[in-house]
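**Q** Just the structure for this:
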Amino acid sequence: MTLNKTYVWAVERPRDKLVFMAHIVDASQRFLGKSPRLINVDESYLLRYLANPTAIPPSSSSNSSGMIPPVSPSTTSSPAVMGSPTASSPSLTPSSSGYKQHHSENNDPRSYSSPSPKMSPERTKNSPLSPPVGSAAAAAALPVASRPAPSPPIATTIVSPPLGATRSSQRAVEISPPMNNQPSEEPMKSKQRYPPPMDPKEKEREERRERERAREIRREREKREKQAQQEKEKLRKVAEMQEKMAEKASLMNVEELLADFNWKTSGNAAALEKRLLGELHALEAANVHAIIQSDERVRTVIDQIDAALGELDSMDSWLLLYSAELNSMGDDIREIESQNRGLQILAQNQHNLGRELDDLLNAITIPRSCLDSLKYDPMDTAENVDQIQRAAEKVQQVLKIKLGDGMQNMKAVQERMAVYNSHSNKFSARIFDFMKSQFDKQAENQKAVSVRTPTSNSRKQQQTLVAMPHTVIEDNLIKYQGFSLWEKEMEPRMYSELQRYYAQTMAPLYESDTRELIDGVRPLYTTLRNRGLDELEYIFKPEESRPVRALAYGANLRSEDSRTHRYRQMLRGSVEGVIGGSSSSIDGDERAADDSFAQLMAQTTMLVTREQNFMCDLFQYSQGAPKSFLERGPVFAQIPNTNELCGRREKPRDIKMSKKILDWMEIIFETLEPSIVSLLEYGVKSDPTQAASMLASVEFQNDKWLGSDQEFMLRLCNSLMQRLTRMFERFVSDQLKIIEDTKVSTKKRRGILPFFRTFPLFAIRLEVAATNVEPDSQTRQTVNDAYEKIINAMMSSLDSIAKETDQTGDDKEQLNANIMYIENMHHFHHELRSNKLHVLEKWIKYAKSHYDTSLNAYIKVVIRRPLGKLLEFFEGVDNLMHTSTPEEVQFHMNYNKTQLRKVITMYPAKEIKKSLEQLYKRVDKHFSEEEGLLQVVWRGIQEEFIQQHEKMEHLILKCYPDTRLHLEFSIDDLLSMMSELARKVHL
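**A** Numbers count the residues shown, from 1 in each chain. Down below sits the predicted model:
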């Protein structure tokens, strides 16, 4: 659409003409999406007028006839460059302030040159960041003072150049100068193409700085782009706001504009659109043509641009020449640098090679003095041994060295290692031969010392057994610990052979020591054996093997009891002697045998444990032993700590090591267990109860070393304990058989049975043998089991004999059975209680209960002879009281007053005294005075008489209260008669 002056002639007033033209432009932009071309119209004048109507007089000579002032070169420059970034939008230029003010007053911020959403492709062809064709020439043609100020880059509508644009203008656009903040690319390329030679580290730092600069430039560029985006967003929001305001203003005036344009509501909109578009195109073409034809500076600018391009071509040719020269020089410099680096690498490699060779020689070179020391230096003193070990350490360090980078396979290195291996093998053979000779030498010296030491057979020395440890051997061999460690690490075969030879060499010495200890104990068992088993009163014997014993009466009982009583006192003294009392000649032999065996086990254990600890130290088998020769400890001239050598050590975790130690100990002490077993059998044959004391001694040593590394000693103790337990159990079985086979004839079925006499002595002997054993020990359990078995057998035999006695069921046989229970239970209780055998407390209480029951039964039987009818009468009265009242008893025919008086007269005091004398003689026949049982039984009879007297008097008073009858003897008469009778018998 093109607008010309002819379209505004119809408007009479100039002011109205300008307003009409502005609304036409605005309507074209709104409804058609395009701006009309203004031909022969001063656009700047129109805009100034719209911005400030008072600034221009309403009527002038130039427009008196209704014409718009003619377009001058100064006033048409702005429309001519409306496609450029600085002139495309009047609202963004400094000269458009008035226009903005006018639009703000009319609520329409949009201008006719603002971009429209339906812009044609020709208008958006060029990028917003590149200037359009013709804009640069137009800007150059303007004077410097009249050029618009630069504005920030924003998105604007780019107007395509007309078809008549010259080639020079196009070249001017193409060679537009770059931005001020971008340096020239050619010098930068030349500098980068020929970098000066520099060190690799410096080059790396320079590259790092370049990367940092590139990152900094990238961050700055991103920051600027972000700011530009924010500015664009802000301008977009302002443009939207202006569009909304313009739309509101235009809607208010649209009817007025259409009325001024002679538009009717029923008109043709398509014809109007076509008309407006034609006018707009004609206006744009005329505007551009007028600008180009009117401004003479455009040609001057084009000529100057062509001259500038020629100069640039000349400069480009020179730059290409310089670039080629610099490239040639850079190639030469890089070649020199490459050669220089090669020389540096060669020199560095030669230096490193020399240093590696020096290190290799230092690592695999051993002084000749060290090798000679391994061959010729003596090994007698600790100082010599230490010096040799230091030399051997250097050899081992060289042999164990690990060379990298294939140097281990060098022929020179392998030859040198072969020489050193030869010296190491010769040194190992020398150690092997030397230590074997030392073992033989020390064994011979120990034998000589043992032969020179006299052995005494005196009784005092036999009771104190002391084994002499091999102190000299230990002090002389301990210095060779390091040699054994060398053999262990360098020659394992020689190391095992050396241990075997040591064990075989030491075995005869310990066999001799063990034999001496056993020979010191054996005579004590010989003394016990010479006495014979018949003289051992604490052992159960068959009836035919013991002297004849009177079980109830006469001097024979007293004479035999005197010997038993004497031996019981001796054994009782032995039990007290354990705490600190004196002993006699008989029990002294038994106790000496017990103590000697305990000393034998203690000394044997000392020898075994000390030898194992020393062997582990010598051959480096202990828990904290060094693992290699280089970690060895100091060389000792003698054993540093003897107490530690005899002390307890933890069990090693290595099972193979424990098995190897056990094998060597079995070789050294091969004859120890058979020798001790032979002594055990000899001692048990001499006295079977020795098995208990031996078991206690062996168990004490077993508990002492339990959980330690002394596996050989623990196995030995376990084997001996099992054997002794079987021996003692066989002995107990024999004793049980003797008890069960005991027979008592009819004439001897009263009195203390043989096994009841023997058992207290047997228990005392076992308690002496098991002194100081723990309550939960195997020895105590074995002895307690023997007690249980033997006592059960004794009680069963007593019951069997009593039943055989009471088979007839008469009072005499029942009385004899009660007498047997009373005597045996009293003896059992009295002896065990008086000797304080608390382990048998259960059986002591059982015997006391059985004794009380039998004594009460005996007394009730024997008092019926002196008081028979009197007891029967009052027992009948007592029974009647259970079925009738006391008053009715005297009316019974058999228990009336007459019968009461008759019974009382039958037992006067004189008759009672005579009956008591006969009763005392009878009781004296039944019980002897050995156990003091006669007085005990007579006291019980006296108490029973008094109790029966009180009972009968009570029944008389209760059942016969009006008879005034009483017994003819009182309690005082009974006490007087019994006391007098006892005095006569004792006199």
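**Q** so how far is the lengthiest helix in the chain from its chain's centroid?
**A** Criterion DSSP state H: the longest helix present in the chain is helix 297-364. The chain centroid and the centroid of helix 297-364 are separated by 65 Å under CA atoms, centre = their mean, to the nearest Å.
**Q** Give the other helices and strands that it contacts.
**A** Helices and strands touching helix 297-364, by 3 or more CB pairs under 8 Å, 6 or more residues apart in numbering; DSSP states H and E, are helix 135-141, helix 167-174, helix 185-193, helix 411-452. Heads up, the C-betas are built off the backbone N, CA and C, glycines and all.
**Q** Tell me the secondary structure at residue 907.
**A** Three-state call for residue 907 (DSSP: H, G, I helix; E, B strand; the rest coil): coil.
**Q** list the contacts for it?
**A** 867, 869, 870, 967, 968, 969 (CB atoms under 8 Å, 6 or more residues apart in numbering).
**Q** which one among these gets closest to residue 706?
**A** residue 867 (68.9 Å; CB to CB).
**Q** Need the pLDDT of the closest one.
**A** What the model reports for residue 867 is a pLDDT of 85.
**Q** ok, now the one 4 residues further on?
**A** The predicted local distance difference test score for residue 871 is 89.
**Q** so how many other residues sit close to it?
**A** Residue 871 has 17 neighbouring residues, counting by other CB atoms under 10 Å.
**Q** distance of it from residue 794?
**A** Separation of residue 871 from residue 794 (CB to CB, to the nearest Å): 36 Å.
**Q** Nearest residue to residue 960 in space, please, no chain neighbours.
**A** Distances taken as CB to CB, 6 or more residues apart in numbering put residue 890 closest to residue 960, at 5.5 Å, once the chain neighbours are dropped.
**Q** Do I have it right that the one you found meets residue 959?
**A** Yes - between residue 890 and residue 959 there is a contact under CB atoms under 8 Å: 6.0 Å.
**Q** In the stretch 151-300 of the chain, where is pLDDT below threshold?
**A** For the stretch 151-300 of the chain, applying pLDDT under 70 flags the ranges 151-198, 249-267, 293.
**Q** hmm, 80 instead?
**A** Confidence mapping of the stretch 151-300 of the chain against pLDDT under 80 gives the ranges 151-200, 246-269, 271-272, 275, 288-299.
**Q** re earlier: between residue 890 and residue 959, which one's more packed in?
**A** Neighbours around residue 890 and residue 959, counted as other CB under 10 Å, are more numerous at residue 959. The numbers are 24 against 18.
**Q** From what I see, that one and residue 877 are in contact.
**A** Yes - contact status for residue 959 versus residue 877: in contact at 6.0 Å, counting by CB under 8 Å.
**Q** Quickly list what's touching both of the two.
**A** Residues touching both residue 959 and residue 877 (CB under 8 Å, 6+ apart) are 889, 895.
**Q** so what's the residue nearest to residue 960 scoring on pLDDT?
**A** Residue 890 is assigned 84 on the pLDDT scale.
**Q** got it, and residue 818?
**A** Reading off the model, residue 818 has pLDDT 86.
**Q** so it sits in a helix?
**A** Yes - remark: residue 818 belongs to a helix, assigned using three-state DSSP.
**Q** and it, what does it touch?
**A** 854, 855, 857, 858, 861.
**Q** burial of the closest residue to the first one other than its chain neighbours, as a residue count?
**A** Counting by CB to CB, 6+ apart, the nearest residue to residue 854 once its immediate chain neighbours are dropped is residue 821, at 3.7 Å. Residue crowding around residue 821 was assessed by other CB under 10 Å; the count is 20.
**Q** My read is that residue 821 contacts residue 802, right?
**A** Yes - Residue 821 lies in contact with residue 802 (CB under 8 Å); the separation is 6.4 Å.
**Q** The stretch 801-950 of the chain: helices as residue ranges?
**A** 811-834, 841-862, 868-880, 886-889, 897-905, 909-926, 933-959 (DSSP state H, counting those that start in this stretch).
**Q** any idea how far residue 677 is from residue 722?
**A** 11 Å.
**Q** for residue 221, same thing?
**A** As judged by CB to CB, residue 221 and residue 722 stand 98 Å apart.
**Q** What of residue 414?
**A** Per CB to CB, residue 414 is found 61 Å from residue 722.
**Q** Just give me the neighbour total for residue 878.
**A** Neighbours of residue 878 (other CB under 10 Å): 14.
**Q** give me every residue that touches it.
**A** 951, 955 are the contacts of residue 878 under CB under 8 Å, 6+ apart.
**Q** Alright, calling it a day.
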